[in-house]
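Asks: Generate coordinates for the sequence data below:
(one chain, ligands or ions: 2)
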Amino acid sequence: MEATLTILGIAQDGGVPHAGCSCARCMSAHADPSLRRHPVACGVHGGDGSLHLIEASRSLPDQMRLWAEALGAEGVARPDSVSLTHIHLGHIDGLGQFGKEVMGCSEMPLFASESVLDELSGRSVMGPFSAATVQAMERFSPSEGCGFEMEFVPVPHRDEHADTHAVVIRGPNRSVLFLPDHDDWDQTLHRHGAVSIRQWLTDLEVDIALLDGSFWDASELPGGTCPRYLTLP
Ligand SMILES: [Zn+2]
Ligand SMILES: [Zn+2]
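Replies: Ligands and ions are numbered 1, 2, ... in the order given. Reported below is the predicted structural model:
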């Protein structure tokens with residue numbers, strides 16, 4: 001069986017509706033639950049049936065059901081590993097749900113960069129996890145026999161407490177770039193010595209790119225109004 005990637009959320013850290021926001025989009029989502037959007041995350045179902053979550057958002061319960069539904073399974077999809085791109089709120093605020101108060105996990109492999117794991121260990125959220133340090137640009141399998149590899153690609157993104165990575169998921173036939181957050185293309189391309197987005201994606205040998213859609217314009221930033229979306233080019 002081949003590996004399958006499921007997109008579990010497409011919104012910015014706050015999700016839709018966004019706390020503190022009364023814009024038309026958020027108000028519509030309050031009125032109509034079908035317009036709600038989970039913070040960004042994706043799940044990879046390995047060829048051996050193992051489940052690998054990338055990002056731990058506050059929408060974890062809904063995302064675990066969404067993931068099972070997409071795979072045609074009953075119940076919810078409980079991950080066998082978790083990977084984190086960086087330490088901003090929307091990517092980590094579901095970590096606590098793996099602990100005693102909710103899922104009661106132990107020794108759950110948590111893949112992240114050294115600086116992300118260092119920062120998390122100071123925040124008392126590592127109890128349910130077994131830390132697994134990922135080296136940038138080195139391929140690894142999140143579990144033996146899962147049938148795909150992952151590769152963390154460094155990207156510049158306001159790295160206040162720890163660094164940020166995109167993740168390339170490499171299956172037997174196709175590869176996907178998961179880039180939920182970066183600051184801007186100039187910095188990202190410069191970081192990797194690429195002159196265009198297409199060249200960078202070619203260098204990374206990816207077939208599909210899931211990209212940070214960025215803010216629509218700079219006026220969205222001061223009040224932190226509307227969430228941004230991932231786009232599928
Ligand atoms: Zn971020
Ligand atoms: Zn809004």
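
Asks: nearest spatial neighbour of the residue of the chain found nearest ligand 1, skipping sequence neighbours?
Replies: At 3.3 Å from ligand 1, His88 is the closest residue in the chain, using Cβ to the ion. Backbone N, C-alpha and C define where each C-beta goes, glycine included. Among residues not flanking His88 along the chain, Asp13 sits closest, at 5.8 Å (Cβ to Cβ, 6 or more residues apart in numbering).

Asks: How about Arg58?
Replies: Nearest residue to Arg58 in three dimensions, chain neighbours excluded: Asp93, at 4.9 Å (Cβ to Cβ, 6+ apart).

Asks: quick one: that neighbour and Ala41, what's the gap?
Replies: 11 Å (Cβ to Cβ, to the nearest Å).

Asks: my guess is the residue nearest to His88 contacts Ile87, does it?
Replies: No. Using Cβ atoms under 8 Å, Asp13 is not in contact with Ile87; the gap is 11.1 Å.

Asks: Contact residues of this protein facing ligand 2?
Replies: If contact is defined as Cβ under 5 Å from the ion, the residues of the chain in contact with ligand 2 are 18, 21, 23, 26, 226.

Asks: Pipe those residues into TSV and attach distance to Asp203, pLDDT and neighbour count per row.
Replies: Formatted as TSV, the residues of the chain next to ligand 2 follow (distance: Cβ to Cβ, whole Å; pLDDT from 0 to 100; neighbours: other Cβ atoms under 10 Å):
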residue	distance to Asp203	pLDDT	neighbour count
His18	35	91	20
Cys21	38	93	17
Cys23	38	94	16
Cys26	38	95	22
Cys226	32	42	19
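
Asks: wait, which of those is closest to Gln135?
Replies: Closest approach between the residues of the chain next to ligand 2 and Gln135, by Cβ to Cβ: His18, at 34.8 Å.

Asks: Work out for me the element that closest one sits within.
Replies: Using DSSP states H and E, His18 is not contained in any helix or strand.

Asks: Am I right that Ala132 falls within a helix?
Replies: No. Under DSSP: H, G, I helix; E, B strand; the rest coil, Ala132 sits outside any helix and is assigned strand.

Asks: List the residues that contact it.
Replies: Contact analysis of Ala132 by Cβ atoms under 8 Å, 6 or more residues apart in numbering lists 109-112.

Asks: go on, Ala41?
Replies: 8-9, 53-57, 59, 63.

Asks: Identify the farthest-apart pair in the residues you listed.
Replies: Applying Cβ to Cβ across the contacts of Ala41, the maximum distance is between Ile54 and Ser59, 13.8 Å.

Asks: Quick check: buried residues in the lengthiest helix in the chain?
Replies: Longest helix of the chain, by residue count under DSSP state H: helix 60-70. Buried positions in helix 60-70, judged by neighbour count with 16 or more other Cβ atoms under 10 Å: 60, 63-64, 66-68, 70.

Asks: May I see those arranged in JSON lines, with pLDDT and distance to ligand 1 as well?
Replies: What follows is the buried residues of helix 60-70, written out as JSON lines (pLDDT from 0 to 100; distance: Cβ to the ion, whole Å):
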{"residue": "Leu60", "pLDDT": "97", "distance to ligand 1": "18"}
{"residue": "Gln63", "pLDDT": "98", "distance to ligand 1": "18"}
{"residue": "Met64", "pLDDT": "98", "distance to ligand 1": "22"}
{"residue": "Leu66", "pLDDT": "97", "distance to ligand 1": "22"}
{"residue": "Trp67", "pLDDT": "98", "distance to ligand 1": "22"}
{"residue": "Ala68", "pLDDT": "98", "distance to ligand 1": "27"}
{"residue": "Ala70", "pLDDT": "97", "distance to ligand 1": "25"}
